[in-house]
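Trainee: Sequence below, structure please.
(3 chains)
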Amino acid sequence: MSAQAHIQVQDLRLAYGTREVLHGISFDIRHNEIFGIIGPAQSGKTSLLRCINRTIDFSPEASVSGAITVDGEDVRRTKDLFALRRRIGMVAPLPVGLPLSIYDNVAFAPRCAGMTRKTDLDAIVEQCLRQAALWDEVKDRLSSLGTKLSGGQQQRLTIARALSHQPAILCLDEFSIAIDPVTTMRIEDVIKELRRDMTVILVTNLTQQARRLADRTMFLWNGEIIELDSSDIIFGDQPRDRRTYEYVNGLFG
Amino acid sequence: MTDPSPQPTAQFSFAVRSARRPTLYVLAERSLTALIYACGISAIFFVVGIFLFVFKEAAPVLFSDRFSLSQFLFSEQWYPTSELNKRYGVLAMTAGTFSVTALAMMIAVPFGLGAAIFISEFCGPRLRETLKITIELLAAIPSVVWGFIGLTVMSKLIVQLTGAPVGVNILNGGIILALMSVPIIVSIGEDALKAVPDSFREAGLALGATRWQLVWRVLLPAAKNGLLAAVLLGVGRAVGETMAVLMATGHAVQIPHGILDSVRTLTANIAAELGEAPAGSDHYRVLFLIGILLFTITFVVNLAADMAVRGIRKK
Amino acid sequence: MFAETPFVRSKRRSEAFAKWLFFAMSAAMVLPLLLIVGYLFVKAAPSLNINFLLDVPRRGMTQGGIWPAFVGTVYLVFISLAISAPVGILAAVYLNEYARDNWLNRMINLAVINLAGVPSIVHALFGLGAFVYAARLGYSILSASLTLAIMTLPVIIASTREALASVPMSFREACWNVGATRWQTIRAVVLPNSISGILTGVILQVSRAAGETAPIMFTGAVFFKAVQKGEVFAYHLNEQCMALSMHLYTISTQVPGVKESIPFATAVVLLASVLLVNAAAITLRALMRSRKKW
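Mentor: Take a look at the predicted model:
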């Protein structure tokens, strides 16, 4: 099984109106690896994630070509779009606590999937909040509003929500922008744990974060893949492309 | 679907992956979605329906040889109940509609835009809230109450102040319509001014412009599309208004020569005569034809206003 | 301090002049409202008491009260809103949450805009042609309510859309990311956070529907209808009714010899009902602003 790629992207092109942001990129993501994507702002990292879980559909001016397969299934021809999205957990850069209670924030996705038993939901809520390193802070006020938490707490709530539908793939889009370094380190530990259960795509512009966590790293720049290799090589002294070296060492970007 | 992960750890249960929503729930959601789509599309049916039903009633007379469209549009003779010499010319009423609307706009546009400028540029937040609420209440006054005010209060005032023989005339209707269309001009105009970026204001003030110059040279040109839309929507409201003009402009079918003449508008004419015209008669059908004329006028005015508003959004 | 140059002085004066000019223009819009309402109240005072509201018109409508008209208006308003509120709210949900930018939806938007601009008397013609004759509902409360419903529809759509659009896009995206369907998203996040705005819009339509005259004049409202004093279930759906707005028109233009204060009192009751409903909606809106969840 693990020889076969978990996600395959082939010749993916994405344009917003006439402006093309991804110029035909192809790569594979393996099962249970942490796959880092680095690159400067506006290089198409977030758009790429939105293509994978097809929330790109909500941008009416976007047009996509090429193929993305998850477990061999073409995401653009999937029968149950919502089941596809549940297989992929997505954490956006800015925290979004839904205007629901903390409990309902986490129980929302399982409920949408059709889960109704209180005991199951309780178990999932506790488990996900623990994994997101938030449980101890909120366990006594699960019924208060998720939007009233602090920024860092909301980001961990967002991570808990992304785990709540028990995805096989977890996409983290610059998750540490809004949280402090200590919490970031705790979540990084959690991510290392999670890779036993799922594939993790880590989009980050903190190159050191990718170096710490990722097995393989892709350097995306202006909608093209500059280099994709194991993190040791990307962050080592001799990546194949000079631009990778310059970016990783802060010479540009 | 096979679970791709090799060994789920003990602490992680995968109950959600196997959860399914009850079929009943899925079906209910589907039918609700269908209902939502149907309601969305219904708006088109209503507009087309309004046109078709009004046109259906008007059509027999429009295509009969007892009736000529050019006479309808360009004759001022309106004798719908005459035995020998029936005439269906609406020019006098079109003139009535336009004169009352024009007077109303001459009053409402400067005052409405002035109030919009004051609210958006000159006043503090508390006064702004108060004014906006007052204007909202002004918009809520029913047209029949405005008509009643025209009939009782304004007409007496007009007779006293101008010495006109009757107080229900263009002046009366114009003032009433102005008061009725001001709220819409103020609220849309204020939106348009709010849409002008603050950087324009700051740039103007940094160059040493007074706020007076700022309004005149910067804001009005920048917001002109939105302000145009505001004025057009005011015109649309004034042209379509029925009860107030029915009660406040008098009832004379004539081409007016001054603002103290009584007139009858297109809308008021329908309201005044529809009750007496026997269903199916030529007279009845011509009244529906006037309805089509009104529908067309307001359609064009609203379309123009919408295009003006779209102009702002594109920027 | 520098001495004021003539240039600066004139600049300051023009500033003050502009402010006062625009203030005067705003005041000119607000003052008439106060003066007119005050005048109406003074003239209406002799007839304003609870019995005027509860009593039926007497002696050829020249004396007595306005009860049948008041009840008729309540009937018309509630039946028309019972029709237009669900359709309008769902249509707004479609336009704001489901519709993509294609020609069909541009048509729908255009239709809504034009529906809002159709003159009330044209709605009356439509109601007469479509409901009274074509649908064979006759002159009845039902015909009049349907006509009013179509008339209030575009405004309900517009106000509901505004309320829906005030819910931030990021909430919807967060829901979609975890695999919620559009309806689940709307049900869990969008509607609960816009419902007070939607209600405000609907309540405002109560006042608009109550004041309309032209659309009901030829579809279901009648000059006079015998009703018991204070009777609540005064009308059937398939019969005609009296209405406050129509009653005010009738007694102020068609009936000679009405006691002078009665039309004024009728106008005051109509105006006060409308303004009270508006004030309620405005209060609700202020309340909801202070209780935002994010």
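Trainee: can we go C-alpha only for contacts and neighbour counts from here?
Mentor: Noted.
Trainee: Neighbours of whichever residue of the stretch 151-300 of chain B sits closest to chain C, how many?
Mentor: Among the residues of the stretch 151-300 of chain B, residue B:240 lies nearest to chain C; the distance is 4.2 Å by Cα to the nearest Cα. Neighbours of residue B:240 under the rule other Cα atoms under 10 Å in any protein chain shown: 26.
Trainee: and if you look at the one 3 residues further on?
Mentor: Applying other Cα under 10 Å, we find 27 other residues in the vicinity of residue B:243.
Trainee: who's in contact with it?
Mentor: The contact partners of residue B:243, by Cα atoms under 8 Å, 6 or more residues apart in numbering or on different chains, come to B:143, B:144, B:147, B:268, B:271, C:213, C:214.
Trainee: measure it to chain A for me?
Mentor: To chain A, residue B:243 is 45 Å away according to Cα to the nearest Cα, to the nearest Å.
Trainee: what phi and what psi does the backbone show at that residue?
Mentor: phi -60, psi -40 (degrees, to the nearest 10).
Trainee: Show the pLDDT at it.
Mentor: Residue B:243 carries a pLDDT value of 87.
Trainee: quick one on the thing from earlier: show the pLDDT at the nearest residue to the residue of the stretch 151-300 of chain B closest to chain C once chain neighbours are set aside.
Mentor: In this structure, residue B:240 finds its nearest non-sequential neighbour in residue C:119, 4.2 Å apart by Cα to Cα, 6 or more residues apart in numbering or on different chains. Predicted confidence (pLDDT) for residue C:119: 91.
Trainee: got it, and residue B:265?
Mentor: With respect to pLDDT, residue B:265 has a value of 89.
Trainee: got the contact list for it?
Mentor: Contacts for residue B:265 (Cα under 8 Å, 6+ apart) come out as B:93, B:94, B:95, B:96, B:97, B:245, B:246.
Trainee: Between those residues, which sits nearest residue A:28?
Mentor: Ranking those by separation from residue A:28, with Cα to Cα as the measure, puts residue B:97 on top at 71.2 Å.
Trainee: Shouldn't the closest one be within a strand?
Mentor: No: assigned with DSSP: H, G, I helix; E, B strand; the rest coil, residue B:97 falls outside any strand and is helix.
Trainee: Distance check, it against residue B:271.
Mentor: Distance, residue B:97 to residue B:271, by Cα to Cα, to the nearest Å: 14 Å.
Trainee: burial measure for the closest residue to chain B within the stretch 101-250 of chain A, as a count.
Mentor: Per Cα to the nearest Cα, residue A:114 is where the stretch 101-250 of chain A lies closest to chain B, at 3.9 Å. Applying other Cα under 10 Å, we find 16 other residues in the vicinity of residue A:114.
Trainee: Now it. Nearest residue, chain neighbours left out?
Mentor: residue B:21 (3.9 Å).
Trainee: what residues are up against that neighbour?
Mentor: Residue B:21 makes contacts with A:112, A:113, A:114, A:115, as judged by Cα under 8 Å, 6+ apart.
Trainee: quick one: pLDDT of it?
Mentor: pLDDT, residue B:21: 79.
Trainee: Centre-most residue in the chain?
Mentor: No chain in the question, so chain A it is. Centroid-nearest residue in chain A, with Cα atoms, centre = their mean: residue A:171, separated by 1.3 Å.
Trainee: that's the wrong chain, I meant chain C
Mentor: Short answer for chain C (Cα atoms, centre = their mean): residue C:208, at 2.0 Å.
Trainee: Assign a three-state SS to residue 90, would you?
Mentor: This is for chain A. Using three-state DSSP, the structure places residue A:90 in strand.
Trainee: meant chain C, my bad for not saying
Mentor: Recorded secondary structure, residue C:90: helix (three-state DSSP).
Trainee: tell me which element the residue lying closest to it once chain neighbours are set aside is part of?
Mentor: In space, and not counting its chain neighbours, residue C:90 is closest to residue B:36: 5.2 Å by Cα to Cα, 6+ apart. Residue B:36 belongs to helix B:23-62 when assigned by DSSP states H and E.
Trainee: Can you list the buried residues in whatever helix or strand comes next after that helix?
Mentor: Next helix or strand after helix B:23-62 toward the C-terminus (DSSP H and E): helix B:69-74. Within helix B:69-74, the residues that count as buried by 16 or more other Cα atoms under 10 Å in any protein chain shown are B:72, B:73.
Trainee: cool, stretch A:192-208 as well?
Mentor: Neighbour counts over stretch A:192-208 (16+ other Cα under 10 Å) mark A:194-205, A:207 as buried.
Trainee: Export these as TSV, with columns for pLDDT and secondary structure.
Mentor: Compiled in TSV, the buried residues of stretch A:192-208 are given as follows (pLDDT from 0 to 100; DSSP: H, G, I helix; E, B strand; the rest coil):
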residue	pLDDT	secondary structure
A:194	84	helix
A:195	84	coil
A:196	85	coil
A:197	84	coil
A:198	88	coil
A:199	90	strand
A:200	91	strand
A:201	91	strand
A:202	90	strand
A:203	90	strand
A:204	86	coil
A:205	81	coil
A:207	84	helix
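Trainee: The residues you listed: which ones sit near chain B?
Mentor: Counting by Cα under 8 Å from any Cα of the partner chain, the subset of the buried residues of stretch A:192-208 that neighbours chain B consists of A:196, A:197, A:198.
Trainee: Between those residues, which sits nearest chain C?
Mentor: Taking Cα to the nearest Cα as the measure, chain C lies nearest residue A:198 of those, at 15.8 Å.
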